[in-house]
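# Structure of the sequence below:
(one chain, ligands or ions: 2)
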Amino acid sequence: MATRISPSILAADFANLERELGRIRSADLVHVDIMDNHFVPNLTFGLGMVERLQQVSPLPLDVHLMIDDPERWAPGYAEVGAYSVTFHAEATAEPVALARRLRQIGARAGIALKPGTDVAPYLDLLGEFDQVLVMTVEPGFGGQSFIESTMPKLAQLRTAVQQSGLDVWLQVDGGVTAQTIEIAAAAGADTFVAGSSVFGAENPAAQISLLRQRAASHRHGAGNLES
Ligand code: DX5
Ligand code: ZN
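Ligands and ions are numbered 1, 2, ... in the order given. As a prediction, this is how the structure comes out:
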């Protein structure tokens, strides 16, 4: 199981985004948080910004849509070339149809769950998604504390992924630090979004490598491999 680090540019210097992308070259993906001030009480970027980032980013864009009406907007992000487009389960009544549309355009399709959203209805639908994002904070802001009570959802997802034999990435987002990443990795996550802990570090490359190392050494089932 691979370990992937996806720094969130929500914590980057918005006036120098291209330069900020250069500081995280050793990451696997770049996480781009889209907020509409309706689904969450905060506003960030839109499609035009993602289209431009797509042109200058050396890393694939991992777009996280914290917006209402994803049916209307999500396909556009896939069309401008985002590598993955993740929408919120709470924002749509037709997650499967939307995921199929995103895949048809050529993006990886992701579904995100807020901390209070039950994972059970999605466990039988894993084949429809390329990644599931378990929010480890309430979506809307960077710099919040990791909510550990979300971890049972990851464990359920990891079991379901293993049983299905599918290659669905399990992502965590919010409050991921060199400490909390160990908890998330042990619970079953393989893809880690980190905003403030990467861009707030003096040396983002060193922080990415520390996060990667901590996640890999605490990865789910790692203790059982030898036995
Ligand atoms: C929160 C966003 C996160 C945020 C994480 O709504 O989805 O991606 O940038 O920031 P940190 O890592 O600072 O919690
Ligand atoms: Zn995010």
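# Do a quick rundown of the helices in the chain.
Counting by DSSP state H, the chain has helices at residues 17-22, 47-56, 70-79, 95-105, 120-123, 151-164, 180-187, 196-199, 204-217, 222-225.
# out of those, nearest to residue 140?
helix 196-199 (14.2 Å; CB to CB). The C-beta positions use only the backbone N, C-alpha and C, and glycine is treated the same way.
# Tell me the residues of the protein that contact ligand 1?
8, 10-11, 31, 33, 64, 137, 139-144, 173-176, 193-197 (CB under 6 Å from any ligand atom).
# among those residues, which ones are buried?
Buried residues within those, counting neighbours by 16 or more other CB atoms under 10 Å: 8, 10-11, 31, 33, 64, 137, 139-140, 142, 173-176, 193-197.
# residues contacting the closest residue to residue 28 other than its chain neighbours?
Spatial nearest neighbour of residue 28, chain neighbours left out: residue 4 (4.1 Å); criterion: CB to CB, 6 or more residues apart in numbering. Applying CB atoms under 8 Å, 6 or more residues apart in numbering, we find residue 4 in contact with 28, 29, 169, 190, 191, 192.
# Quick one, grab the pLDDT at the first one.
pLDDT, the model's per-residue confidence, is 98 for residue 28.
# Distance of it relative to residue 152?
26 Å (CB to CB, to the nearest Å).
# Looking at the two, which one has more neighbours?
Each of residue 28 and residue 152 has its neighbours counted (other CB atoms under 10 Å); residue 28 has more, 18 against 12.
# Quick one, grab the pLDDT at the residue in the chain that ligand 2 sits nearest to.
The nearest approach of the chain to ligand 2 comes at residue 64, 3.7 Å away (CB to the ion). For residue 64, the model assigns a pLDDT of 99.
# That one is in contact with residue 30, isn't it?
No: the pair residue 64 / residue 30 is not scored as a contact, 10.9 Å apart, by CB atoms under 8 Å.
# check contacts around the closest residue to residue 112 other than its chain neighbours.
Nearest residue to residue 112, sequence neighbours excluded (CB to CB, 6+ apart): residue 133, at 3.9 Å. Under the criterion of CB under 8 Å, 6+ apart, the contact list for residue 133 reads 64, 86, 110, 111, 112, 113, 171, 172, 173, 193.
# Now for the closest residue to residue 2 other than its chain neighbours: which residues touch it?
Closest residue in space to residue 2, ignoring its immediate chain neighbours: residue 190 at 6.3 Å, by CB to CB, 6+ apart. Residue 190 sits next to 1, 2, 3, 4, 169, 170, 171, 215, 219 when contact means CB under 8 Å, 6+ apart.
# Ok, residue 181 next?
By CB under 8 Å, 6+ apart, residue 181 lies in contact with 192, 194, 211, 214, 215, 218.
# residues touching residue 107, list them.
When the contact criterion is CB under 8 Å, 6+ apart, the partners of residue 107 are 77, 78, 82, 83, 84, 85.
# Quick one: those as JSON lines, columns for pLDDT and neighbour count too.
Output for those, formatted as JSON lines (pLDDT from 0 to 100; neighbours: other CB atoms under 10 Å):
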{"residue": "77", "pLDDT": "98", "neighbour count": "27"}
{"residue": "78", "pLDDT": "98", "neighbour count": "21"}
{"residue": "82", "pLDDT": "98", "neighbour count": "28"}
{"residue": "83", "pLDDT": "98", "neighbour count": "18"}
{"residue": "84", "pLDDT": "98", "neighbour count": "25"}
{"residue": "85", "pLDDT": "99", "neighbour count": "33"}
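# Nice, that's everything, thank you.
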